[in-house]
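Engineer: Sharing a model prediction with you, sequence too.
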Amino acid sequence: MSIAVDVRDLVKIYPNGVKGVDGATFSVYDGEIFGLIGPNGAGKTTTLRIIATILQPTRGTVIVGGYDVVREADKVRRIISYLPEEAGGYKYLTGREFLEFIARLYSSRESEVVSMVDEGIRLSGLGDRINDKIKSYSKGMLRRLLVAKTLMVKPKIAILDEPTAGLDVVNAVHVRNAIRSYAKEKGVTVLMSSHNMLEVEYLCDRVAIIHNGKIMEIGSPRELKEKYSAENLEEVFIKLVGERI
Ligand SMILES: Nc1ncnc2c1ncn2[C@@H]1O[C@H](COP(=O)(O)OP(=O)(O)OP(=O)(O)O)[C@@H](O)[C@H]1O
């Protein structure tokens, strides 16, 4: 299996001296849904921002689709699509206009723009509300739109930071199903973060558990549950780092 994202001995020290990531190493394979899971402050956002070329690493190497995130950032940006944790939309555009705006950044071919927007509308599940202004959307509707715009451009690698954070169960289930079905249908590699360990159990082929900037374990949810004789990933996490919290 070829490697989509390779992170080696990654360290990020912020200017104030805080270590955001402390020697993380993991690989994401082509076509898999990979979850970076851990509690608040574990280093998930820092790691994803470095992979998305928004933040510079202090030490270590990160290769995305064969390109180095520091030396070949432009090439990396062409093959990824990134959903930040705190993303917004253009609130005076309708959902449809926003998707059209994004699609035109990725393609100048009208037929491609139309099919991307159609895909985005389908993924968002917003129905007729796609024609309403974004400022009228609930938080859940906005997140659904943003997940849809991140996936609809069919990136080689989609990087989703807490795609379901703050969503109620109906919206969260919609977003999870959209990610899973789209990624598997189109062969898109997904790297996502979550502090909801039960959600990643459903969604992810493999997970890495991150704590204090360090990767503590990597494996499929099933492998980890078996290894730790645990009912679910929350229990795995507690058994793994509970005594250190
Ligand atoms: N800009 C920054 N300057 C200084 N320290 C930071 C900065 N951003 C993050 N940190 C620190 O780096 C560590 C990792 O934070 P990060 O946001 O990557 O964690 P996280 O796992 O994404 O957490 P959350 O689930 O709360 O979003 C934390 O100790 C955090 O306080």
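Structural biologist: Yes, it's here. Residues are numbered from 1 along each chain as shown.

Engineer: what pLDDT does the residue positioned nearest the centre of the chain get?
Structural biologist: Ranked by distance to the mean C-alpha position of the chain (Cα atoms, centre = their mean), the top residue is residue 160 at 1.8 Å. The per-residue pLDDT reported for residue 160 equals 96.

Engineer: Roughly how far does the residue nearest to residue 210 when sequence neighbours are not counted sit from residue 217?
Structural biologist: Using Cβ to Cβ, 6 or more residues apart in numbering and skipping the chain neighbours, the partner closest in space to residue 210 is residue 38 (3.9 Å). Glycine gets a C-beta too; all of them are placed from N, C-alpha and C. From residue 38 across to residue 217, the span is 10 Å (Cβ to Cβ, to the nearest Å).

Engineer: quick one: low-confidence ranges for the chain?
Structural biologist: 243-245 (pLDDT under 70).

Engineer: quick revisit: so what's the residue count around the residue nearest to residue 210?
Structural biologist: Residue 38 has 26 neighbours, counted by other Cβ atoms under 10 Å.

Engineer: hang on, it packs against residue 213?
Structural biologist: No - counting by Cβ atoms under 8 Å, residue 38 does not reach residue 213; the two are 9.3 Å apart.

Engineer: ok, and for the helix ranked longest in the chain, which residues are buried?
Structural biologist: Ranked by number of residues, the top helix in the chain under DSSP state H is helix 169-186. Within helix 169-186, the residues that qualify as buried are 171, 172, 174, 175, 176, 178, 179, 180, 182, 183, counting by 16 or more other Cβ atoms under 10 Å.

Engineer: quick one: contacts for the fifth one?
Structural biologist: Neighbour list for residue 176: 163, 164, 199, 202, 203 [criterion: Cβ atoms under 8 Å, 6 or more residues apart in numbering].

Engineer: And it, how close does it get to residue 32?
Structural biologist: With Cβ to Cβ as the criterion, residue 176 and residue 32 are 16 Å apart.

Engineer: What parts of the chain come near the ligand?
Structural biologist: 14, 16, 18, 20, 38, 40-46, 85, 195 (Cβ under 6 Å from any ligand atom).

Engineer: quick one on the thing from earlier: tell me which helix or strand comes right after the longest helix of the chain.
Structural biologist: Sequence-wise, the next helix or strand downstream of helix 169-186 (DSSP states H and E) is strand 189-194.

Engineer: Identify the residues contacting the helix or strand just after that following strand?
Structural biologist: Remark: after strand 189-194, the chain's next helix or strand is helix 197-203, criterion DSSP H and E. Outside helix 197-203, the residues within contact range by Cβ under 8 Å, 6+ apart are 33, 35, 37, 164, 172, 176, 179-180, 192, 194, 207, 221, 232-234, 236-237.

Engineer: Separate out the buried members of those residues.
Structural biologist: For those, buried by 16+ other Cβ under 10 Å: 33, 35, 37, 164, 172, 176, 179-180, 192, 194, 207, 221, 233, 236-237.

Engineer: CA atoms of stretch 75-84 as CSV?
Structural biologist: Presented in CSV, the C-alpha positions along stretch 75-84 are these (Å, rounded to 0.1, in the frame of the first residue of the first chain):
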residue,chain,number,x,y,z
LYS,A,75,2.7,21.2,-4.7
VAL,A,76,1.2,19.9,-1.4
ARG,A,77,-1.5,22.6,-1.6
ARG,A,78,-2.5,21.4,-5.0
ILE,A,79,-3.4,17.9,-3.8
ILE,A,80,-5.0,18.6,-0.4
SER,A,81,-8.2,20.2,0.8
TYR,A,82,-8.3,21.4,4.4
LEU,A,83,-11.1,22.1,6.8
PRO,A,84,-9.9,24.1,9.8
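
Engineer: Which residues belonging to it are considered buried?
Structural biologist: Neighbour counts over stretch 75-84 (16+ other Cβ under 10 Å) mark 76, 77, 80, 81, 82, 83, 84 as buried.
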